[in-house]
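> One predicted model, sequence on top.
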Amino acid sequence: MGASQLEYFSNSPMAITIDPSWIHLGDPPNFQAFSEKGTFISFLKILARRGLRWIRPEVGRRPALYESTNFEPWVFNDGDKLRFEDNSFSFVYSEHFLEHLRFDVAIQLLLELKRVLAVGGVVRIVVPDADYRTYEPQEPLGFPSVKLPFHHPNKHKVRWNVYMLKSAMECAGLRAIPLVYCDENGNFEDRDPKHAYSNLQPIVDPEFVYSLAYIARRRSLVVDGLKARSG
């Protein structure tokens, strides 16, 4: 299961997750124009970051992406539940989504993800390392713009760091395994998942758990939550 808008995928995640074995939840597709991103300045920054992605040949085939996998338009609000049965998934992946939820709603979602995970399953969360990152400037306050109202869906509502995300995972009953992060002393860690999981129980879906190759924004905060047998 992944949280996604497929037309924004780069090659690596596309090659791995665009098939019928995945269920993708995310914003409805927008084939005619760019999605609104809050303010004109932030819109231009996003265009610059994506560079030539939009004129690659596969972008012209965006509608076909949605036909090649299972996609459901989805929004997670305060008090919502996922429609899936308990223990339904071996791997859940979310990239740059959790920062758009209030902290309490993010905890609710993590609790739901734990419920739908099978024992030995993993939820992998990728978010901006807002304050501690040393590989680029810290995220500006009020990102993407102080003029954007807090309730806007593109507003970053939580400034995650490794300690907060680890604690959030633990609050949801998951075993937190930080993989890529900066600590409060400015040290950057980029752990091989195979080493991080070397002393843990066998993992349900090692093909995805032991690889970071599909992460589009590789320089981010990456923390796993393992549903342990005792959990």
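Cool, got the structure.

> what sits against K155?
Going by CB atoms under 8 Å, 6 or more residues apart in numbering, K155 touches G38, H100, G142, F143, P144, L148, P149. C-betas here are computed from N, CA, C, even on glycine.

> And the helices in the protein?
Shown for the chain, the helices assigned by DSSP state H span residues 11-17, 40-50, 62-67, 103-116, 162-171, 193-196, 206-209.

> Just checking the distance from the fourth one to the centre of its chain.
Computed by CA atoms, centre = their mean, to the nearest Å, the separation of helix 103-116 from the middle of its chain amounts to 13 Å.

> Could you export the strand ranked longest in the chain as PDB, CA atoms only?
Ranked by number of residues, the top strand in the chain under DSSP state E is strand 117-127. Extracted in PDB, the C-alpha atoms of strand 117-127 (Å, rounded to 0.1, in the frame of the first residue of the first chain):
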ATOM      1  CA  LEU A 117      -0.200  -4.400   9.000                       C
ATOM      2  CA  ALA A 118       0.400  -8.100   9.300                       C
ATOM      3  CA  VAL A 119       2.800  -9.300  12.100                       C
ATOM      4  CA  GLY A 120       6.300  -8.700  10.800                       C
ATOM      5  CA  GLY A 121       5.000  -6.000   8.400                       C
ATOM      6  CA  VAL A 122       6.600  -2.600   8.100                       C
ATOM      7  CA  VAL A 123       5.400   0.900   7.600                       C
ATOM      8  CA  ARG A 124       8.100   3.200   6.000                       C
ATOM      9  CA  ILE A 125       7.500   6.900   6.600                       C
ATOM     10  CA  VAL A 126       9.500   9.500   4.600                       C
ATOM     11  CA  VAL A 127       9.100  13.100   5.600                       C
END
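
> Same question for that strand: list its buried residues.
Neighbour-count burial for strand 117-127 flags L117, G120, G121, V122, V123, R124, I125, V126, V127 (criterion: 16 or more other CB atoms under 10 Å).

> So which residues of this protein form strands?
For the chain, the strands defined by DSSP E cover 2-3, 23-26, 70-73, 89-95, 117-127, 175-182, 188-190, 221-226.

> For V158, give its distance to M164.
In this view, V158 and M164 are 8 Å apart by CB to CB, to the nearest Å.

> Ok, N77 next?
Using CB to CB, N77 is found at 21 Å from M164.

> Low-confidence ranges, the protein, go.
1-5, 7-15, 29-63, 230-231 (pLDDT under 70).

> same thing but 50
For the chain, applying pLDDT under 50 flags the ranges 32-38, 40-60, 231.

> Surely F91 is in contact with V204?
Yes. Applying CB atoms under 8 Å as the test, F91 and V204 come out as touching, 7.3 Å apart.

> Overlap of the contact sets of the two?
Counting by CB under 8 Å, 6+ apart, the common neighbours of F91 and V204 are G121, V122.

> Neighbour count: those two, which is higher?
More crowded of F91 and V204, by other CB atoms under 10 Å: F91, with 22 against 18.

> Quick check: bridge partners of that one?
Beta-bridge partners for F91, by DSSP bridges, are V122.

> ok, now which ones touch the nearest residue to S211 once chain neighbours are set aside?
Spatially, and ignoring its direct neighbours in sequence, S211 is nearest to P193 (7.1 Å; CB to CB, 6 or more residues apart in numbering). Residues near P193 by CB under 8 Å, 6+ apart: L179, V209, Y210, S211, L212, D224.

> No more questions from me, cheers.
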